[in-house]
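A.B. asks: Sharing a sequence plus its predicted fold:
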Amino acid sequence: MNGKVQGIIICGVIAASLAGVMVFLNATGDDSQKEESSSVTDTASSEDESVVILERAAEDISSVHVANENGEYTLEKSSSGKSLWTIGELGTLNQNTTLKDSLRDACGSLEAKKLVEENVSDMSKYGLDQPTASVTITYKDDSRTVLDVGTTAPNERYSYVRIQGDNSVYMVLGSKISYFTYPATSYAELNLITQPSDEDWPDYGVETITRRDWDYEVTFENDPQNIEGMLSSQVISSPIFSYLNITGSSDVTHGMWGLTASECVVLNPEGEDFAEHGLSEPFCTVNLKGDGYDYNLLIGDPIKAVDSEGNEKDEITGYYCYLKGVTGANAIFIIGIDSLPWATFEIEDVISSIMTSNYLVDLSEISIDYKGEKTVYEITSNGSSTETLEDGSAADVTSVKCDGKELDVYNFKSLYQYMMTCPTNEIYFTDPEGESEMTIVQTRADGGSDTIELYKDTSRRYIVKLNGKTSFRIQSTWIDTLVKNMDNIKNGKAIDDNY
């Protein structure tokens with residue numbers, strides 16, 4: 001036979017065979033898919049094995065008694081006759097209404113994922129010989145049901161439960177019965193101080209902060225001059241005087257309102273409890289006192305983060321705290337680090353670079369005495385910062401003279417802006433020795449004044465006294481540029497704002 005023809009015949013046989021195989025596969029595939037589809041349908045029809053194990057409405061419940069590894073407590077209606085549920089073991093501590101309602105609702109109609117086993121002879125394999133929690137539900141007709149919670153099922157989302165008096169074991173979604181494993185303290189109200197609405201915000205009083213790593217006390221209060229347009233309405237008045245920047249200071253000055261804990265750990269603490277949690281000698285104390293309120297927050301030992309193996313890390317996640325001055329908060333709480341700015345902030349974080357609050361339009365004179373040579377700038381304005389002119393415009397500087405010579409007003413504004421942005425990024429309290437190398441006096445038209453004295457400290461630093469109080473250290477380059485700018489303005493040159 002011709003080899004070519006033979007090859008064609010062989011290829012045809014192979015092709016036919018392959019086609020037969022494909023037909024076979026397709027045929028059996030259809031059957032397989034039908035069987036699989038049928039199996040899925042059967043599985044779907046048998047998937048719902050749920051069963052209701054508690055069938056009474058939550059409204060029928062008169063009390064819930066919980067016993068677990070954390071102790072025992074009872075949720076019941078208050079004896080005051082009001083429609084208020086309370087946990088007596090929490091005493092006078094404020095209680096979280098939402099969580100208490102959730103506990104009661106969990107004891108109403110409860111559905112299990114499925115019945116695991118009937119007529120169980122050995123409850124230990126489900127952890128029900130020694131339950132992790134037992135809940136006694138008493139109804140208004142005085143009947144009772146006791147539900148036991150065992151171990152977690154292999155699918156960790158579920159736990160084994162049973163109703164006492166019935167040897168059947170069920171599997172219930174853990175989130176539905178989690179309230180049964182909580183300690184009584186989990187039902188404490190963690191919102192310690194309610195944040196007021198904008199309309200009800202109280203007048204700011206005085207906030208005082210002491211800290212173990214400081215040798216001074218920090219005080220915040222309202223700006224005594226109430227200068228409109230300042231970055232914050234509050235100032236730091238001790239250990240230095242300074243205006244504040246809103247970004248860094250608002251949490252420190254106003255963080256007490258809305259203070260919220262993450263956990264309640266000790267009810268009605270006594271002396272040994274305070275000592276154990278670092279509160280007998282607190283790391284930090286914050287007192288905020290004003291008209292109608294007097295809050296005193298004690299911040300004790302830190303709480304460290306742990307790694308996946310349970311080893312403690314250096315990262316602090318919170319502190320043990322105790323709050324005085326709030327009714328219903330007699331407990332030691334854990335408060336997260338993000339809610340405790342007083343434990344971590346430094347003065348440099350909150351102060352503004354503006355040392356004085358004088359508007360240029362309110363000044364009548366600025367004198368600068370540098371190394372015994374005095375320069376005086378005489379300022380004339382058509383009003384003050386609190387006035388509006390007849391045409392509705394704001395008052396402005398109309399003339400600046402130095403040694404009888406008229407200076408460019410716009411350029412002088414740039415010089416004053418440079419003077420107002422002194423780099424106050426390092427607080428300093430040690431009084432300098434000797435005489436000041438530069439003294440700046442800002443005199444207002446109303447007769448008041450502010451004095452800034454600068455003392456040479458090192459080749460790179462000057463010590464600043466603000467109105468006679470040692471307050472800052474600044475870079476010497478700022479002084480050098482200021483002296484250069486004084487020459488620039490006399491000679492009609494632009495002001496350099498780099499130092």
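C.D. replies: That came through fine. If you're wondering where the values come from, they're calculated on a predicted model, not measured in any experiment.
A.B. asks: what stretches of this protein score poorly on pLDDT?
C.D. replies: 1-46, 79-83, 226-231 (pLDDT under 70).
A.B. asks: Which residue ranges of the chain form helices?
C.D. replies: Using DSSP state H, the helices assigned to the chain run over residues 3-47, 97-106, 174-177, 246-254, 271-276, 347-350, 409-420, 476-490.
A.B. asks: Skip the chain neighbours and tell me the closest residue to D301.
C.D. replies: Spatially, and ignoring its direct neighbours in sequence, D301 is nearest to G278 (3.2 Å; Cβ to Cβ, 6 or more residues apart in numbering). C-beta: built from backbone N, CA, C; applies to glycine.
A.B. asks: roughly how far apart are the one you found and N382?
C.D. replies: 60 Å (Cβ to Cβ, to the nearest Å).
A.B. asks: So these two - more neighbours on which side?
C.D. replies: Neighbour count, other Cβ atoms under 10 Å: between G278 and N382, G278 has more, with 18 against 14.
A.B. asks: I'd say that one and C284 touch.
C.D. replies: No: here G278 lies out of contact with C284, judged by Cβ atoms under 8 Å, at a distance of 10.3 Å.
A.B. asks: which parts of stretch 315-329 are buried?
C.D. replies: Neighbour-count burial for stretch 315-329, with 16 or more other Cβ atoms under 10 Å as criterion, is recorded at I316, G318, Y319, Y320, C321, Y322, L323, V326, A329.
A.B. asks: What's the separation between the second one and D487?
C.D. replies: The one in question is G318. 55 Å.
A.B. asks: now swap in the last one and tell me
C.D. replies: Taken as Cβ to Cβ, the spacing of A329 relative to D487 amounts to 62 Å.
A.B. asks: quick one: contacts for the residue nearest to D301?
C.D. replies: For G278, the contacting residues are G300, D301, Y320, by Cβ atoms under 8 Å, 6 or more residues apart in numbering.
A.B. asks: swap the cut-off to 10 Å and go again
C.D. replies: Residues near G278 by Cβ atoms under 10 Å, 6 or more residues apart in numbering: R212, L298, I299, G300, D301, P302, Y319, Y320, C321.
A.B. asks: circling back: name the residues contacting each of G278 and C284.
C.D. replies: Here G278 and C284 have R212, L298, I299, G300, Y319, C321 as joint contacts, going by Cβ under 10 Å, 6+ apart.
A.B. asks: Return the subset of the residues you listed lying in strands.
C.D. replies: Among the shared contacts of G278 and C284, the members falling in strands (DSSP state E) are L298, I299, G300, Y319, C321.
A.B. asks: from memory D446 sits against S385, does it?
C.D. replies: No: counting by Cβ atoms under 10 Å, D446 stays clear of S385, with 11.0 Å between them.
A.B. asks: Who has more neighbours out of these two?
C.D. replies: Remark: of D446 and S385, S385 carries more neighbours, 15 against 9, as counted by other Cβ under 10 Å.
A.B. asks: excluding its backbone neighbours, what's nearest that one?
C.D. replies: Excluding the flanking residues, the one nearest S385 by Cβ to Cβ, 6+ apart is Y359, at 4.1 Å.
A.B. asks: From what I see, the one you found and R444 are in contact.
C.D. replies: Yes: in this structure Y359 lies within contact range of R444 using Cβ under 10 Å: 9.1 Å.
A.B. asks: what about those two, which has more around it?
C.D. replies: Ranked by neighbour count (other Cβ under 10 Å), Y359 and R444 place Y359 first, with 20 against 16.
A.B. asks: distance of that one from D396?
C.D. replies: Y359 is 10 Å from D396, by Cβ to Cβ.
A.B. asks: what do you get for T443?
C.D. replies: As judged by Cβ to Cβ, T443 and D396 stand 19 Å apart.
A.B. asks: Ok, L147 next?
C.D. replies: In this view, L147 and D396 are 78 Å apart by Cβ to Cβ.
A.B. asks: re earlier: tell me the residues that contact both of D446 and S385, please.
C.D. replies: D362.
A.B. asks: what's the span of stretch 106-123, first residue to last?
C.D. replies: Criterion Cα to Cα, to the nearest Å; first-to-last residue distance in stretch 106-123 is 23 Å.
A.B. asks: Just give me the neighbour total for K456.
C.D. replies: Neighbours of K456 under the rule other Cβ under 10 Å: 17.
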